[in-house]
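Novice: Let me see the structure of the following:
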Amino acid sequence: MNNFEYYIPTKVLFGKGQIARLGEAVSLYGTRALLVYGGGSIKRTGLYDKVLAQLKENNIPVFELSGVEPNPKIESVREGVRLCKENNVDIVLAVGGGSSIDCAKVVAAGACYDGDAWDLVIHPEKIKRALPLVTVLTLAATGSEMNGNAVISDMSKNDKFGTAGLALKPKVSILDPEYTYSVPKNQTAAGTADIMSHIFEVYFNRVPGTFIQARFAEGLLKTCIKYGKIAVNDPHNYEARANLMWASSLAINGILSYGAGVAWSAHPMEHELSAFYDITHGVGLAILTPNWMTYVLEHDKSTVDRFAEYGINVWGIREDLDKMEIAKQAIQKTRDFFTEIGIPSTLREVGIGEENLEIMAKKAASMGLENAYYPLDEKDVLAIYKASL
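Specialist: All right, here's what the predicted structure looks like:
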């Protein structure tokens, strides 16, 4: 196990009715708030009114950045920064899923920066300070409510990059599973795939002595498999929604990667799909992941032990089978699960053809994939894209 520094500063208020504590939480860190959210879902569910009531009760003026996109754009970030600077905002409140929270994070940092906010996306080291951030989560997927990561797109350049910084970690996050009841089936499925991908990215590593991280990861994967299916078919099942919501946070708050860090594989490849075609992130991950697994297993037989371990401990495949057979079954079960919860299985199904594969492969390969679980270069990524068509 590698050396690491444990730091998860976010205070989590989990469970029913926790929105009643929002005003108090915000007032601890600021006096003038920017409210960041996406479409109209928080208004339809009544959450918007509850948020405003909490802020009014605590005498906190509110300015709004609405319409944040599913793959948040740099234009929205710039508008948020403008609102903060022009109105002396001193705290940012994100209400929504990962897109709203990611946008809010870079807005919070951009409000403390003299240059253009895109600088903070492509140069994370420039993130020195950020306004305090409080979040109210409405979608279990990205884990943004409990980490310092954000992903922002510049569609004019077909660029989608992740950034990160300690200053971006939320101060307080309210996680009420009931606010995910209204999430549509397809988004619930995509969110489940996103959570699982975060786990896969750190589970498949070559760091020796990471037994505890692997067992945590397997438990979270089993949680997603059990409750993802239930939540898709029974959206108001509190137990399923609660378990998925907490799994989302734990998947990428650092607890799995501390001491076992590795460069990610599927996410850089998927970011190119979203940058060029603006598809749902979790859908792209679900399409790519089984094909990445197959490619890795075929090209590096030393990975069979971890894939077999995954098959036995997560999917319950018989231990007495040949390891390669277990590994192949595990990959097939992964593919079948994503199909079962309604996610497309090919890139063509989501409108992606061969026209941009080569340029996407080149860009993805430049994102540190040489340090991944199985090092990938441009031709490897292109082969995985083609296998996913």
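Novice: Give me the contact list for the helix or strand hosting residue 121.
Specialist: Residue 121 is part of helix 118-122, with elements assigned from DSSP states H and E. Applying C-beta atoms under 8 Å, 6 or more residues apart in numbering, the contact partners of helix 118-122 are 74, 77, 106, 109-110, 113, 126-127, 150, 152, 154, 161, 163. Using the backbone N, CA and C atoms, a C-beta is placed for each residue, glycine as well.
Novice: same check, this time on stretch 358-378
Specialist: 204-206, 262-265, 268-269, 271-273, 275-276, 295-296, 299-300, 303, 379-382, 384-385.
Novice: Break this protein down into its domains, please.
Specialist: 11-179, 183-388 (automatic domain parsing).
Novice: got TSV for the ones you listed, with mean neighbour count and distance to residue 3 too?
Specialist: Below are the domains of the chain laid out as TSV (neighbours: other C-beta atoms under 10 Å; distance: least, C-beta to C-beta, whole Å):
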stretch	mean neighbour count	distance to residue 3
domain 11-179	20	17
domain 183-388	20	7
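Novice: what's the closest of those domains to residue 5?
Specialist: Among the domains of the chain, domain 183-388 comes nearest to residue 5, with 8.0 Å by C-beta to C-beta.
Novice: Spatially nearest residue to residue 206, not counting backbone neighbours?
Specialist: Using C-beta to C-beta, 6 or more residues apart in numbering and skipping residues adjacent in sequence, the residue nearest residue 206 is residue 373, 6.6 Å away.
Novice: separation between the one you found and residue 334?
Specialist: Per C-beta to C-beta, to the nearest Å, residue 373 is found 15 Å from residue 334.
Novice: Residue 4: which of the domains of the chain is closest?
Specialist: Per C-beta to C-beta, nearest to residue 4 of the domains of the chain: domain 183-388, 4.2 Å.
Novice: Could you tell me the end-to-end distance of that closest one?
Specialist: 27 Å (C-alpha to C-alpha, to the nearest Å).
Novice: now the helices for the stretch 201-350 of the chain?
Specialist: Taking DSSP state H, counting those that start in this stretch as the criterion, the stretch 201-350 of the chain carries its helices at 211-233, 238-251, 266-277, 281-299, 304-315, 323-340.
Novice: for those helices, which one sits closest to residue 169?
Specialist: helix 238-251 (12.1 Å).
Novice: Mind exporting the C-alpha coordinates of the closest one to CSV?
Specialist: Coordinates of each C-alpha in helix 238-251 appear next as CSV, following Å, rounded to 0.1, in the frame of the first residue of the first chain:
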residue,chain,number,x,y,z
TYR,A,238,-36.1,4.5,-0.2
GLU,A,239,-33.7,1.7,0.7
ALA,A,240,-32.5,1.5,-2.9
ARG,A,241,-32.2,5.2,-3.3
ALA,A,242,-30.4,5.6,0.0
ASN,A,243,-27.9,2.9,-0.7
LEU,A,244,-27.1,4.2,-4.2
MET,A,245,-26.7,7.8,-2.9
TRP,A,246,-24.2,6.8,-0.2
ALA,A,247,-22.4,4.4,-2.6
SER,A,248,-22.0,7.4,-5.0
SER,A,249,-20.3,9.4,-2.4
LEU,A,250,-18.0,6.6,-1.1
ALA,A,251,-17.0,5.6,-4.6
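Novice: List of residues touching it?
Specialist: Contacts for helix 238-251 (C-beta under 8 Å, 6+ apart): 12, 14-15, 137, 140-143, 145-146, 173, 175, 177-178, 180-181, 188, 191-192, 194-196, 198-199, 216, 220, 223-224, 226-228, 230-231, 234-235, 256.
Novice: mind listing what residue 356 touches?
Specialist: Here residue 356 is in contact with residue 276 (criterion: C-beta under 8 Å, 6+ apart).
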